[in-house]
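K.L.:
Predicted model follows, preceded by the sequence.
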Amino acid sequence: MLQVRQPEVYRSAVRQQLKKVLAHPLFKRSERMRRFLRLGVEHALDGKAAELKEYLVGVEVFDRRQSYDPRVDPIVRVEARRLRSKLKAYYDGDGRADAIVIEFPAGSYAPQIHVRAATAPPAAKPPEPGVNTIAVLPLVNLSPNPEHEYFSDGLTEELIHALTKVPGMRVVAWNSAARLRERQEDLLAVRQQLRAATALTGSVRIAGSSLRVRAQLVDTETGVYLWSETFDRPMQDVFAIQEEIARAIVRTLSVHLAAGWDDAAVGRSRTTLSSYDLYLKGRYFWHQRTPESLRKAIQHFQAAVAADERSALACAGLADGYSLLVDYGLMRPDEGIPQAKAAASRAVELDPSLAEPYPSLALICSHYDRDWKKAGYLYQRALELNPNYATTHHWMATDYYLLLGRFEEALDSIHMALQLDPISSILHEGHGFIHMVLRRYEDALRIYRGILESDPSFYKAITSMGRAHLQQGKYAEAISMLEKGRSLAGDLPSILGALGQAYGLAGERQRARDMLAHLQELARARFIPATPMVMVHMGLGEKQQALDCLETAFDRHEVPLTALGVHPAYDSLRGEPRFASLLPRLGLR
């Protein structure tokens, strides 16, 4: 193919434009994005655009080795989409009057550069219709007994769930709202961090069989009270109080409701007061996400079901509890998943309009039953019932789209989850995990560091940093972070496995074998997944033993196995026939 070198005057003008684009905030902090753009433009100017293939970009821009296989590692395709998006944002914004336009057409890594006719800058687009965004902050427990905080927290979360069903309203999720527990009066923080125009604050006081709930709706910009009410009722009226507060908020904010919407939708399925009290205790412990708190949560959810076997909420909570115990490697999948599935199915049977059980069922279908098609249907059903339920968007991103290699959809879903739950540590950790799977290790590390600035004891951000360093080959840093995470979380199998792998890759083979022996010793006393042992064997270069453990994990339906198709931790096994045979059996490509 004839390759034409561009005239010098044209080259100079394009280089000036390139320099301007690279200096823009969209690009100046992303060195690899800058290298990608510069490589493409310089090759085009030198008449070598035809050489811009995926392999070349991977080696020259993303520092992949000569053995790089674009079919296995999607980094170039993913980053090309990001580059196109950033260029579009630049030329739609600050660069809309620039004479020279640099574009990367879809499906190509060679830029198209053209000079556009001089025209007046296009008029700014009108703003999108406003969205009513509200933060329901944790209601303060004013009861004589400080242990009644579970009730005030539970009432807050139930109000959040009720409001998420209102069309035209965006409600900040519980995880983010709870981060401002001691700062209810800091309206600037509520407005800036939660991006909420209004906030519901208040208090709860329980005295014997009496309940007092005080609630105020506040404009976060002016501090003006838009609505205020005090409810003095018997305890059994708690459900009516929730619904009255939700309806008052809807009326006050003048939300434009879809035709045919019934304000009864703000109500939750009713249960007995004793069952509801136990359910709220279960959710209180479930949110703490420690091994001990998850077991306490299950005990309370079981007691709630026993108090009212027709409580859909209690059944949904029980499903979530068992699912997380299995996900954390604290319970055998063949013991916990059937119980989670039965509880979630029962919740749907009791109240088909309740969104919470559907993501749990979807997770079970994909990770245990390996029925990805049905999982997708269940996630979509959850969104139909409640498009503002952040957990659905979160799990769709990290446990569905990402694992199927649908990376753009994974990023879209996690961004939606973060809109609903903007300062949730667990959601930001999921965002970082997606970047790590995409081999964007510096982006992942930046996200993890951001989490630790506001939540320094969040062990998952610390251990995730260790895993990202591990993939970068920075073994000393990886070991340091993983050991720090272990000191906070204890001997979680997943942390021990990553540590063993790091020690092995760092050449500390005896310490890696000590970690493997420790896992085997723990397995004699309780269930320990096989997947952490896979990691240690890979660190030691023992591929056949790693594959043996993978087969064991497959037979056990272990949850982490569903990341086999995309996770960089398994890259050293991708050329093994036994490894390749597992992917279709998992329903993965």
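P.N.:
Okay, I see it.
K.L.:
average pLDDT across the helix or strand hosting residue 243?
P.N.:
In this assignment (DSSP states H and E), residue 243 forms part of helix 238-253. Throughout helix 238-253, pLDDT has a mean value of 76.
K.L.:
Equivalent analysis for stretch 527-547, please.
P.N.:
For stretch 527-547, the mean per-residue pLDDT is 95.
K.L.:
and what of stretch 366-379?
P.N.:
Per-residue pLDDT over stretch 366-379 has a mean of 95.
K.L.:
Stretch 88-98 now?
P.N.:
The pLDDT scores in stretch 88-98 average 78.
K.L.:
let's have the chain start at 415 instead
P.N.:
OK, 415 is where the count begins now, so the last one is stretch 502-512.
K.L.:
What is the distance between that stretch and the centre of its chain?
P.N.:
31 Å (C-alpha atoms, centre = their mean, to the nearest Å).
K.L.:
Just the buried positions in it, please.
P.N.:
Going by neighbour count (16 or more other C-beta atoms under 10 Å), the buried part of stretch 502-512 is 504, 505, 509, 512. In short, each C-beta sits where N, CA and C put it, glycine included.
K.L.:
Likewise for stretch 697-713?
P.N.:
Within stretch 697-713, the residues that count as buried by 16+ other C-beta under 10 Å are 697, 698, 699, 700, 703, 705, 708, 710, 711, 712.
K.L.:
Filter those residues down to the ones in strands?
P.N.:
Of those, none are assigned to strands by DSSP state E.
K.L.:
Let's see which of the residues you listed end up in helices.
P.N.:
Taking DSSP state H as the definition of helices, the buried residues of stretch 697-713 contribute 697, 698, 699, 700, 705, 708, 710, 711, 712.
K.L.:
OK, contacts around the last one?
P.N.:
Contacts of residue 712 were listed using C-beta atoms under 8 Å, 6 or more residues apart in numbering, and they are 696, 732, 735, 736, 739.
K.L.:
re earlier: kindly indicate which of the ones in helices among the buried residues of stretch 697-713 lies nearest residue 917.
P.N.:
Closest to residue 917 out of these is residue 705 (23.9 Å), distances taken as C-beta to C-beta.
K.L.:
Tell me if I'm right that the closest one and residue 904 touch.
P.N.:
Yes - contact criterion C-beta atoms under 8 Å: residue 705 and residue 904 qualify, at 7.5 Å.
K.L.:
Residue 476 belongs to a strand?
P.N.:
No - assigned with DSSP: H, G, I helix; E, B strand; the rest coil, residue 476 falls outside any strand and is coil.
K.L.:
Nearest residue to it in space, ignoring adjacent ones along the chain?
P.N.:
Residue nearest to residue 476 in three dimensions, not counting chain neighbours: residue 489, with 5.3 Å by C-beta to C-beta, 6 or more residues apart in numbering.
K.L.:
what's the pLDDT at that neighbour?
P.N.:
Looking at residue 489, its pLDDT stands at 82.
K.L.:
Who are the contact partners of it?
P.N.:
Going by C-beta under 8 Å, 6+ apart, residue 489 touches 472, 476, 478, 852, 853, 854.
K.L.:
for residue 508, phi and psi?
P.N.:
phi -60, psi -20 (degrees, to the nearest 10).
K.L.:
Next, work out how far apart it and residue 432 are.
P.N.:
According to C-beta to C-beta, to the nearest Å, residue 508 stands 15 Å off from residue 432.
K.L.:
And residue 919, by the same measure?
P.N.:
Residue 919 is 39 Å from residue 432, where distance means C-beta to C-beta.
K.L.:
and if you look at residue 999?
P.N.:
In terms of C-beta to C-beta, residue 999 sits 48 Å off from residue 432.
K.L.:
Looking at those two, which has the bigger crowd around it?
P.N.:
Ranked by neighbour count (other C-beta atoms under 10 Å), residue 999 and residue 432 place residue 432 first, with 21 against 9.
K.L.:
Now for the more buried one: which residues touch it?
P.N.:
By C-beta under 8 Å, 6+ apart, the contact list for residue 432 reads 451, 452, 455, 516.
K.L.:
Just to check, the third one is in contact with residue 525?
P.N.:
Okay, so that is residue 455. Yes - using C-beta under 8 Å, residue 455 makes contact with residue 525 at a distance of 5.8 Å.
K.L.:
what residues do these two have in common as contacts?
P.N.:
With C-beta under 8 Å, 6+ apart as the test, residue 455 and residue 525 both reach residue 516.
K.L.:
quick one, which of those two is more surrounded?
P.N.:
Using other C-beta under 10 Å, the more surrounded residue of residue 455 and residue 525 is residue 525, with 25 against 22.
K.L.:
The more buried one reaches residue 516, doesn't it?
P.N.:
Yes - with contact defined as C-beta under 8 Å, residue 525 counts as touching residue 516 (5.3 Å).
K.L.:
any residues in contact with both of these two?
P.N.:
Both residue 525 and residue 516 are in contact with 451, 455, where contact means C-beta under 8 Å, 6+ apart.
K.L.:
Strands of the stretch 515-664 of the chain, residue ranges please.
P.N.:
Ranges of strands within the stretch 515-664 of the chain are 526-529, 546-550, 554-555, 583-585, 612-621, 624-633, 639-648, based on DSSP state E, counting those that start in this stretch.
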